[in-house]
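Trainee: make a model of this:
(one chain, ligands or ions: 1)
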Amino acid sequence: MKIGIDLGGTNIAAGLVNRHGELTEVVSEKTPETQGKIIEVMVHLAKKLMACAPIGLVGIGVPGVLSADAKTVIHCPNADMMNTPLAQIMEEALKTSVYLGNDANAAGLAESHYGALKDEPNAAMFTLGTGVGGYLVVSGKVVTGAHGCAAEFGHTYVGPRHYDCGCGLNGCLETFSSLRGLQASVLKALNEGVESKVLAQAVKENKLDGKLILDRAKEGDPAAVIAFETMIFGLSIAIRNLMHLTDPAVIAFGGGLARAGDFLFDALREAVVPEQLAYPDIATPKFVGAQLGNDAGIIGATLLDRLV
Ligand SMILES: [Zn+2]
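Mentor: Numbers count the residues shown, from 1 in each chain. Reported below is the predicted structural model:
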């Protein structure tokens, strides 16, 4: 058995995964605010699982940037970590091998081994959540880059935007096509006088979530439609660039916003048109939903040793 840990901004979830990639036990706790407490919780959850079965390794999916050798968390503001030698700290506490990886890569690895991207040597995944994560496989190899920060689709430039990204730049895909991007687009539309009683009420009640915005876009709500079209515009530019860079056969979409399913994929199929492509005769990639849902982060964390 292996242990996978998904270090999220809200929850830390850890699970036991068998050699078929099946999750047999999950434990979780709220993510504390400080680095020391976060590490304590991860050690505690892993030890709980270690009491259930002999463990081969522990993998941790981290929502941030890692060193090229994937042993140190260089930058992870959500988990209060900077230049933290997390692998070593965890190995000393747990007395077993610990592997780190970017959380989007963990989710992508799970899809490549057991889900929507199984047996696809040229594929990509966009994780559409609070931000936008990326995962890229080229000729059967996961692309991690010279410094461990490749395939950050969320921070690729797709066009000028009315607000700056969390990374400090302007024009990142994440500001168009994440939950934060959708919310910002709705607020801007409402401020400019676009009518939407339902969304204006949701803003007042602090209930403007991704599901509501996408459901309202389906209904033709003007502010939601603007937000959705902005999201599709950003993604279509990113996908077009990706096609010219790595020519993927399949692109999977995970994260909360991808639950919109065919509503999202149909709009993308319409937006990524041959006229925008240098080789219009070549088939566009298949757009599919990720299959493993929230479990992908934990299951994929147990595969992170394969990136080393
Ligand atoms: Zn950015």
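
Trainee: find the nearest non-adjacent residue to Ser236, please.
Mentor: With CB to CB, 6 or more residues apart in numbering as the criterion, Ser236 has its nearest non-adjacent residue at 3.7 Å, and that residue is Ala271. (Glycine included, C-beta is placed from N, CA and C.)

Trainee: the one you found: how many residues sit nearby?
Mentor: Applying other CB atoms under 10 Å, we find 17 residues neighbouring Ala271.

Trainee: for it, give its distance to Tyr135.
Mentor: In this view, Ala271 and Tyr135 are 21 Å apart by CB to CB, to the nearest Å.

Trainee: now Ala238: closest residue in space that isn't a chain neighbour?
Mentor: The shortest distance from Ala238 to any residue other than its chain neighbours is 4.9 Å, reached at Leu173 (CB to CB, 6+ apart).

Trainee: show the contacting residues for that neighbour.
Mentor: 132, 153-158, 234-235, 237-238 (CB atoms under 8 Å, 6 or more residues apart in numbering).

Trainee: make it 7 Å
Mentor: Counting by CB atoms under 7 Å, 6 or more residues apart in numbering, Leu173 touches 132, 153-154, 156, 158, 234, 238.

Trainee: so what does it have for phi and psi?
Mentor: The phi/psi pair for Leu173 (degrees, to the nearest 10) reads phi -50, psi -40.

Trainee: mind checking pLDDT for it?
Mentor: Leu173 carries a pLDDT value of 98.

Trainee: repeat for the one 10 residues further on
Mentor: According to the model's per-residue confidence, Gln183 sits at a pLDDT of 97.

Trainee: now do Val273
Mentor: 86.

Trainee: just Ala217 next, same as before
Mentor: pLDDT, Ala217: 98.

Trainee: what's the neighbour count on it?
Mentor: Close neighbours of Ala217, defined as other CB under 10 Å, add up to 25.

Trainee: need the helices for the chain, in chain order.
Mentor: 35-50, 86-94, 103-114, 174-177, 179-191, 197-204, 210-219, 222-246, 262-271, 295-301 (DSSP state H).

Trainee: and these as JSON lines, adding distance to Thr127?
Mentor: As requested, these are exported to JSON lines (distance: least, CB to CB, whole Å):
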{"stretch": "helix 35-50", "distance to Thr127": "21"}
{"stretch": "helix 86-94", "distance to Thr127": "21"}
{"stretch": "helix 103-114", "distance to Thr127": "5"}
{"stretch": "helix 174-177", "distance to Thr127": "11"}
{"stretch": "helix 179-191", "distance to Thr127": "11"}
{"stretch": "helix 197-204", "distance to Thr127": "24"}
{"stretch": "helix 210-219", "distance to Thr127": "13"}
{"stretch": "helix 222-246", "distance to Thr127": "12"}
{"stretch": "helix 262-271", "distance to Thr127": "13"}
{"stretch": "helix 295-301", "distance to Thr127": "9"}
